[in-house]
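J.: return atomic coordinates for the entry below.
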Amino acid sequence: MKFRCERDTLVEALSAAGRAVTTRGGALPVLAGVRMELVGDRLTVTGSDLDLTITVEVEVAGGEDGVAVLPSKLI
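T.: Presented below is the predicted three-dimensional model:
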């Protein structure tokens, strides 16, 4: 996955989606991360704790499409 965008735009999207990420340990470690999906020039950032899901879409200069889950601790 490869894309370009303004730093502030990406930080806002990650911060918003990160609010829904679970902070307590649980049976599903993937819930401690933020999902990023790039399709064309659209980046979708999603955070969830199964009760609350926040999805933010951002226009970017897309390169290679892909999906990744980043640990929220790194963000």
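J.: A61: how many residues sit nearby?
T.: 10 (other C-beta atoms under 10 Å). Yep, even glycine has a C-beta here, placed from its N, CA and C like the rest.
J.: my guess is it contacts D41. True?
T.: Yes: judged on C-beta atoms under 8 Å, A61 makes contact with D41 at a distance of 6.6 Å.
J.: neighbours of T23, how many?
T.: For T23, the neighbour count with other C-beta under 10 Å is 10.
J.: quick one, phi psi at it?
T.: Torsion angles at T23 (phi, psi; degrees, to the nearest 10) stand at phi -100, psi -10.
J.: what about it, distance to V56?
T.: 19 Å (C-beta to C-beta, to the nearest Å).
J.: what's the answer for L10, then?
T.: Look at L10 and V56: by C-beta to C-beta, they are 10 Å apart.
J.: what sits against C5?
T.: L43, V58, E59, V60, A61 (C-beta atoms under 8 Å, 6 or more residues apart in numbering).
J.: of those, buried ones?
T.: By neighbour count, with 16 or more other C-beta atoms under 10 Å, these hold L43, V58, V60 as buried.
J.: just the closest of the residues you listed to F3, please.
T.: Among the buried ones among the contacts of C5, V60 lies closest to F3 (C-beta to C-beta), at 4.4 Å.
J.: so the closest one touches R7, yeah?
T.: No: here V60 lies out of contact with R7, judged by C-beta under 8 Å, at a distance of 11.8 Å.
J.: give me the sheet partners of the host helix or strand of T55 and which way each runs.
T.: Under the criterion of DSSP states H and E, T55 resides in strand 53-59. If you go by DSSP bridges, strand 53-59 pairs up with strand 42-48 (antiparallel).
J.: can you pull the buried residues of the partner strand?
T.: Using 16+ other C-beta under 10 Å as the test for burial, strand 42-48 gives L43, T44, V45, T46, G47, S48.
J.: let me see the mean pLDDT of it.
T.: Summarised as a single mean, pLDDT over strand 42-48 is 96.
J.: got the contact list for that strand?
T.: Identification of contacts with strand 42-48 by C-beta under 8 Å, 6+ apart yields 3, 5, 13-14, 16-21, 31, 34-38, 53-60, 62, 72.
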